[in-house]
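**Q** structure for this input, please:
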Amino acid sequence: MSTPHTQPRPTPRTHEVVVDDELTLFVRDWGPLDGAPIIHHHGMPSCSLSVPGGWSCPDDDHVRLIGFDRPGYGRSPARAGRRVGDAAQWTRLIADALGLDRFSLFGMSAGAPHAAAAAASLGERVHKLCLVNGLGPDELPGFDPASEMLPESRQEIACARAGRAVLQRFIDALLVEPEPMEPWFKRLSASDIELLGRREVQVEDAAVYDETMRAGRDGWLDDDLALFHYPWGCDPAAVTAQALLLHGMEDVLVPSNHADAWIVALGHGQLIKLPHAGHWLRDHEPDALRWLADPSDAPARLSP
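**A** Down below sits the predicted model:
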């Protein structure tokens, strides 16, 4: 019998959505066409080959999961100076191109601010919003995203706040190392280590990283600057969609105080903190997708 990691990789539909004369976004469209549409904003560094719950999840749960490479990642050209708020335009154009009148949004880690920005701008077009271990709202008064982070993350944020040249030197120094993320990964919780040790996760993650970095470091660089250097250009309090926030209490990459800040910034939402989970919530993401696809207003319920 085949095991999940020996089965062929699912082949998503792909699209190229024009933003303007200089930017075209590469889109991957997973799952059945008649599934409930969910637009996914990936983490940092990452790309649209990353799928909540794993590559087979959209088909298994009958959802249409639409991911795209943010500019500078994978197959989308870079755009220096992009802002978090630009995600609203990208999301709208993707939805329009695919004929989606209404859809839900999923944002993971550094993708969470981008998903929230889209929800804030697109109003009634957004059915529901889910933020998973979301990097917190840098512009919220009294909240410092770096306050409880690892020293390496605090250094990265400080470099981003100092500007492009300083941040570029920081990221370039990481990328000459055989394992650029090792300073962070050596500090992960036991739950993250177990999950990342699964063979099917390793296969997917290796493919995602190779695809992410095919265009170089610009996506990572421009994400950091958008999150910590430039004004976001959006107001999370403008989000009217029903919101769900999931956060692992053992997450050392994005501490749980970020989830608390999101509840304040949004002014509403269901917050579920998972006591024995870290940064990767793969086992809980299918429940989140099913909640996003549910047409009712019922609160989310996670499997044990």
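**Q** now do the SS call for the nearest residue to residue 192 once chain neighbours are set aside.
**A** Closest residue to residue 192 apart from its sequence neighbours, by CB to CB, 6 or more residues apart in numbering: residue 278 at 3.6 Å. All C-beta atoms are positioned from the backbone trio N, CA, C, and that covers glycine. For residue 278, the reduced secondary structure class is coil; criterion used: DSSP: H, G, I helix; E, B strand; the rest coil.
**Q** next, count neighbours for residue 278.
**A** The burial count assigned to residue 278 is 23, neighbours taken as other CB atoms under 10 Å.
**Q** how near is it to residue 146?
**A** Counting by CB to CB, to the nearest Å, the gap from residue 278 to residue 146 is 19 Å.
**Q** one more: residue 109?
**A** Residue 109 sits 15 Å away from residue 146 when distances are taken as CB to CB.
**Q** which one's more surrounded, the two?
**A** Neighbour tally, residue 109 and residue 146, criterion other CB under 10 Å: the higher count belongs to residue 109, 22 against 18.
**Q** for stretch 15-24, buried residues please.
**A** 15, 17, 19, 23-24 (16 or more other CB atoms under 10 Å).
**Q** which ones are touching residue 168?
**A** With CB atoms under 8 Å, 6 or more residues apart in numbering as the criterion, the residues that contact residue 168 are 217, 221.
**Q** what helix or strand is it located in?
**A** Taking DSSP states H and E as the definition, one finds residue 168 inside helix 164-175.
**Q** state the mean pLDDT of that helix.
**A** When the per-residue pLDDT values of helix 164-175 are averaged, the result is 97.
**Q** and the next helix or strand after it, what does it pack onto?
**A** The first helix or strand that comes after helix 164-175 along the chain, using DSSP H and E, is helix 182-185. Judged by 3 or more CB pairs under 8 Å, 6 or more residues apart in numbering; DSSP states H and E, the packing partners of helix 182-185 are helix 151-162.
**Q** could you look up the SS state of the residue nearest to residue 31 when sequence neighbours are not counted?
**A** With CB to CB, 6+ apart as the measure, residue 58 is the residue that lies nearest to residue 31, at 2.9 Å, once sequence neighbours are left out. Residue 58 falls in the helix class when you classify it by three-state DSSP.
**Q** list the contacts of residue 58.
**A** When contacts are counted by CB under 8 Å, 6+ apart, residue 58 touches 30-32, 35, 51, 64-65, 289.
**Q** let's see 6 Å
**A** Residues in contact with residue 58 (CB atoms under 6 Å, 6 or more residues apart in numbering) are 30-31, 65.
**Q** swap in residue 51?
**A** Counting by CB under 6 Å, 6+ apart, residue 51 touches residue 30.
**Q** rerun that using 7 Å as the cut-off
**A** The neighbours of residue 51, taking CB atoms under 7 Å, 6 or more residues apart in numbering as the test, are 30, 57-58, 65, 67.
**Q** cool, residue 255 as well?
**A** With contacts defined as CB under 7 Å, 6+ apart, residue 255 is in contact with 148-149.
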